[in-house]
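*Asks:* Fold the stuff below for me.
(one chain, ligands or ions: 1)
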Amino acid sequence: MERLDKILAGTGRWSRKEARELIRAGRVAVNGATAAAPEGKYDPAASFTVDGEPVSGQRLVYLMLHKPAGVLSATEDPRQSTVLDLLPPHLRRVGLFPVGRLDKDTEGLLLLTNDGPLAHRLLSPRHHVDKTYFVRVQGRITREDVELFAAGMTLRDGLVCLPARLEPLEGEGEALITIQEGKYHQVKRMMASRYMPVVYLKRLSMGPLVLDETLMPGSWRPLTPAELAALAAL
Ligand code: URA
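*Replies:* Predicted coordinates for the structure are as follows:
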């Protein structure tokens, strides 16, 4: 149970003071009944309205997770572990979902949030958000591969890709690849199209968010104010 003014301020739409004013003015209802006391305590999952408009009382939460291999980028699954199983119980009940999917065997940066509009901005192809992966393939990456990726490839399976940046690294078969879309198995399909099966894949960044390398696989932390500000500026 939480104070009503705190619940409303937690949505990010009003300051605590503004929330108190709205409540005292009789503009806020909880489960259909006008609530006039800012200090009244309610379940944040109750239904709230301001001037009759529904408002979610659930606080917006933003977590950076270092996804380990072996768990699904999903919120529930009857048989297999999901990324939500890596969180403590109180964070499994606030409507978090992964922003985009990593394959079960892919590791790395995954943003978990309950902010639908932000997820939409990050995922929409119109916003051209860069996603950078470290990839290890079987085979040797050539200059021709780099040029084909940069030009925008049509894959052997028919997928038409936007231009992508492929940067070979020192290690044989290792590279950074940056794409602006997130089609199903996209990196693996792009590499397969050049006859190079992916043996390891890890997402390092998504837009302004960079995987915190102090996070061990399977661990998570809230985004910092600077990371939140960078996302808000997208
Ligand atoms: N591309 C893939 O093939 N798999 C991922 O998990 C992410 C990008």
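*Asks:* Up against the ligand, what does the protein have?
*Replies:* Within the chain, the positions lying close to the ligand (C-beta under 6 Å from any ligand atom) are L102, D103, T106, H185, Q186, V187, K188, L201. Quick note: C-beta positions are derived from backbone N, CA and C, even for glycine.
*Asks:* Could you find the closest non-adjacent residue to the last one?
*Replies:* Right, L201. T106 (4.6 Å; C-beta to C-beta, 6 or more residues apart in numbering).
*Asks:* Kindly report the same for the first one.
*Replies:* Distances taken as C-beta to C-beta, 6+ apart place S73 nearest to L102, at 5.0 Å, with adjacent residues excluded.
*Asks:* just to revisit the earlier point, switch the residues of the chain next to the ligand over to TSV; also include pLDDT and secondary structure.
*Replies:* What follows is those, written out as TSV (pLDDT from 0 to 100; DSSP: H, G, I helix; E, B strand; the rest coil):
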residue	pLDDT	secondary structure
L102	98	coil
D103	98	coil
T106	98	coil
H185	95	coil
Q186	96	helix
V187	97	helix
K188	97	helix
L201	98	strand
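*Asks:* Relative to the ligand, how far out is the residue nearest to S47 when sequence neighbours are not counted?
*Replies:* Residue nearest to S47 in three dimensions, not counting chain neighbours: N31, with 5.6 Å by C-beta to C-beta, 6+ apart. Going from N31 to the ligand by C-beta to the nearest ligand atom, to the nearest Å gives 41 Å.
*Asks:* and N31, how many neighbours does it have?
*Replies:* 11 (other C-beta atoms under 10 Å).
*Asks:* Then P163?
*Replies:* 13.
*Asks:* Helices of this protein, start to end?
*Replies:* For the chain, helices defined by DSSP state H occupy the ranges 4-10, 16-24, 116-123, 143-151, 186-193, 225-232.
*Asks:* just the residues of the chain next to the ligand now: which is nearest L122?
*Replies:* Taking C-beta to C-beta as the measure, L122 sits nearest to L102 out of the residues of the chain next to the ligand, at 13.7 Å.
*Asks:* For the residue nearest to L102, grab the count of nearby residues.
*Replies:* S73: 20 neighbours (other C-beta under 10 Å).
*Asks:* Verify the contact between G40 and L4 for me.
*Replies:* Yes. Using C-beta atoms under 8 Å, G40 is in contact with L4, at 4.9 Å.
*Asks:* Overlap of the contact sets of the two?
*Replies:* Each of V30 lies in contact with both G40 and L4 under the rule C-beta atoms under 8 Å, 6 or more residues apart in numbering.
*Asks:* Tell me which of these two has more neighbours.
*Replies:* L4 (25 against 16).
*Asks:* how does the chain divide up, domain by domain?
*Replies:* 2-55, 62-124+209-232, 130-206 (automatic domain parsing).
*Asks:* Comparing those, which yields the minimum mean pLDDT?
*Replies:* For those, mean pLDDT drops lowest on domain 2-55, to a mean of 89.
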